[in-house]
Structures are given as C-alpha cells and as structure tokens.
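Chemist: Sequence and computational prediction follow.
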Amino acid sequence: MIEQLYEQQDALVDVKNMSVTFGSQNILRNINLSIPPGQTLVLLGESGCGKTVLMKSIIGLVKPTIGEVYFDDRNINQLSDRRLSLLRLRFGFVFQNAALFDSMTIGQNVAFPLRQHGRFTSGQIREMVLARLSEVGLPDSVVFKKPAELSGGMRKRVGLARALIMNPELIMYDEPTTGLDPIMSDVINELIIRTRRRNPVTSIVVTHDMNTAKKVADRVVMLMPAHRLQPNESQMIFDGSVPELTACRDRRVQQFINGEAGERLMELRGQRSGV
C-alpha cells in the first residue's frame, strides 16, 4: 500500500474514528485516515458518499458528530474561532466552480486573501498576484478583466492562483475538472502536478474523473455511501496506489473506474418500483 512509503513521516492530517450525521442521515461512518506531508490524495466515490463532507471536516467547516480531526497535531475542533481562522491561513481551497467574486477583477480576486490577512504594500500585492497568475499560465493582461470575460478553464486557473497566494501547506481541490473539455482538464491536471513540484504542498483532490485520479494521485481512497454498506463494513472500500486501484478485484471499485452501471442500475430500478 502507498501509505507504507510515508510510514517514517508524521501525518499532517489525521482523521480518527470520525462520523458525521445530518439529522437521521449518516454521511460518514467511522473514518480513519492519515495523510503525510507532500502526498497527493485523490478521493473517489459516487455522488452522496461523503467526499466533500470529509474534505470540509478536515478544514473545520463541518464538525464531526463523533471522532476527531487533527492538522499538524492540533485537534481542530478544540480550537477557538480565532485560532481556527489563523490555522486556515495554511489551507488553500480550489472550489468546483472557481467561486470567484463577479464584481471584482481577476487581480482583486487573487489578491483577496492577501488584503484580508496579510500586511503587504500595494506593490508587493501586485507582484505576488502576477507571479501566481504566471504560475498557472495566465498573462498579466487578465488582471483587469472580470470573471465573466474568461473561459471556464481560465476561471479554474484563477481559482488555483488565489488558493496558492498565501503559500498554503494543504490545498484541497473540489472537482477541479468538472465542466471542462478533455484538453483543458489535462491542463488542470498538469497544473496540480506542477504545483506539487514547485511548492512543498500536500493535496487532497475530490473527483469523479478517472483521468485526473490516474494522473495526479500518489494515493487513492474510494468511499461508498454509508447506507449501501453492511453495519460493520468499512466506508473506505479502497486505499492504495493507482496500479493497485486498477488491479483491485472488488466489483464495486471496478464498476466505478470502468463507468459500468451494472448492479447499481438494477438497484435504482428496484428503488423506483418499491422492491
């Protein structure tokens, strides 16, 4: 398993016996996950399996119903709001739809974290913004444009530039290639890889895109919806490297990575008919 490669390192992120329940709905059940520094972890699984909830729990946006989440040996759910806010300066988040401020220019969007949390001159901010835009392959000329003037792929790259502006230790990508054509999707994948090479960063990538998973992952974790499992069955049905994922004999894993409806289609038909 890929985690053996990192057994000598302390975990940067450590999720211990964590469950998350919304009302009567069990979203995450008894999750145990350690992520060492520098690793790129891809979270796979069908819609509703809890991937995004797990990611939000790691940065303290969702509190566990049971269990604990540690970042750099700190239990984030025991931190005050002020300390948690300071800790989040060490995180970068690339949202699914970029989540740019429509009323701001691209330069203002990328500079937003610096103006909120940093103590920099206007000249320093401009220099840092241009450097990050250049890193993601965007020209200086986009600085004064509004998000609506850019393509979807360019907006995604602006979102990555903003996530990088505070030099985070952990970057989280939520469906980074959703809505993009195959060429632009590969551009985003290459940028994820380049970001890891240029910066000492740990990455968590939530995706349904198998091309992304195969290209960027050091390690892949696949989740199943809790309601589709036996009472004592682990929600993490796979944890390993990309070659191990391809060779995995679990039919649920194979159906997902090969895009086969199979038994899932029959299951859905049964639900509709009340069987």
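Modeler: Perfect, I can see it now.
Chemist: what number of residues lie near residue 184?
Modeler: Using other CB atoms under 10 Å, residue 184 has 17 other residues around it. Quick note: C-beta positions are derived from backbone N, CA and C, even for glycine.
Chemist: can you give me phi and psi for the residue nearest to it when sequence neighbours are not counted?
Modeler: Distances taken as CB to CB, 6 or more residues apart in numbering place residue 153 nearest to residue 184, at 3.8 Å, with adjacent residues excluded. In terms of degrees, to the nearest 10, the main-chain angles of residue 153 are phi -70, psi -40.
Chemist: Ok, residue 64 next?
Modeler: phi -60, psi 140.
Chemist: Show the contacting residues for it.
Modeler: By CB atoms under 8 Å, 6 or more residues apart in numbering, the contact set of residue 64 is 18, 19, 20, 28, 57, 77.
Chemist: can you list these in CSV and add pLDDT and secondary structure?
Modeler: Below are these laid out as CSV (pLDDT from 0 to 100; DSSP: H, G, I helix; E, B strand; the rest coil):
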residue, pLDDT, secondary structure
18, 94, strand
19, 93, strand
20, 94, strand
28, 93, strand
57, 93, helix
77, 90, helix
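Chemist: Name the nearest of those residues relative to residue 179.
Modeler: Checking the contacts of residue 64 against residue 179 by CB to CB gives residue 57 as the nearest, at 25.3 Å.
Chemist: Who are the contact partners of the closest one?
Modeler: Contact criterion CB under 8 Å, 6+ apart gives 15, 18, 20, 28, 63, 64, 69 as the residues in contact with residue 57.
Chemist: what's the farthest-apart pair in these?
Modeler: By the measure CB to CB, 15 and 63 form the most distant pair in these, at 12.8 Å.
Chemist: who's more crowded, these two?
Modeler: Between residue 15 and residue 63, counted using other CB under 10 Å, the more crowded position is residue 15 (21 against 12).
Chemist: Let me see the ranges of the strands in the stretch 101-250 of the chain.
Modeler: Secondary structure of the stretch 101-250 of the chain (DSSP state E, counting those that start in this stretch): strands located at 170-174, 202-206, 219-223, 236-240.
Chemist: Need those in CSV (columns: mean pLDDT and mean neighbour count).
Modeler: Formatted as CSV, the entries for the strands of the stretch 101-250 of the chain read as follows, by pLDDT from 0 to 100; neighbours: other CB atoms under 10 Å:
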stretch, mean pLDDT, mean neighbour count
strand 170-174, 93, 23
strand 202-206, 95, 23
strand 219-223, 96, 24
strand 236-240, 94, 19
